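Asks: what follows is a predicted protein model with its sequence.
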Amino acid sequence: MLLTLMRFVLTMKMKTGTRKKPDLKKAMQMRNFTMAVVTKDHKSGMHFTFKDGAVSSGGGDYPYADARLIWNNSLTAFKVLASQNNYQFGKALMGGLLKSEGDVNLILLFKDITFETMSPAKKHLDK
């Protein structure tokens, strides 16, 4: 349930965020790839496909994903991805709460896209 909610929120924020966040738009245009985010029991999952700066998503695993994040459980995945914290992401990876498969560069790009998506829009203050 948590990954379904996160997929919905991330997809909407990615689609609308490219207009407000130039860094997000640049990151989404870097590579065309599919990232799967699943739990190790495969009961919960989501996948995102990035193509020419646009994103689409679906529920569950995607067998042809270019990279995959495999979390111990959906609560841990939700907390770490929503935290926007590199330390927490690394700690989950090194602590065995997260395993990865596929191209590590795509995993890091996805992490950057996710963190930028979840961060609030930067407001410019005129002095």
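Replies: Here it is on my side, so go on. Numbering: from 1, shown residues only.
Asks: surely residue 114 touches residue 81?
Replies: Yes. Here residue 114 lies in contact with residue 81, judged by CB atoms under 8 Å, at a distance of 5.5 Å. In short, each C-beta sits where N, CA and C put it, glycine included.
Asks: strands of this structure, residue ranges please.
Replies: Here the chain has its strands, by DSSP state E, at 33-39, 45-51, 54-59, 67-71, 98-102.
Asks: what's the closest of those strands to residue 25?
Replies: Taking CB to CB as the criterion, strand 54-59 is the member of the strands of the chain that comes nearest to residue 25, at 10.5 Å.
Asks: which strands and helices sit next to that closest one?
Replies: In this structure, strand 54-59 makes packing contacts with helix 2-20, strand 45-51, judged by 3 or more CB pairs under 8 Å, 6 or more residues apart in numbering; DSSP states H and E.
Asks: any idea of the mean pLDDT in the longest one?
Replies: The one in question is helix 2-20. The average pLDDT within helix 2-20 is 88.
Asks: packing partners of that helix?
Replies: With contacts defined as 3+ CB pairs under 8 Å, 6+ apart, helix 2-20 has these neighbours: helix 22-30, strand 45-51, strand 54-59, helix 74-83, helix 104-118.
Asks: so can I have CSV of the ones you listed showing mean neighbour count?
Replies: Rendered in CSV, the data for these read as follows (neighbours: other CB atoms under 10 Å):
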stretch, mean neighbour count
helix 22-30, 17
strand 45-51, 21
strand 54-59, 16
helix 74-83, 19
helix 104-118, 18
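Asks: if anything else comes up later, I'll come back, but that's it for now.
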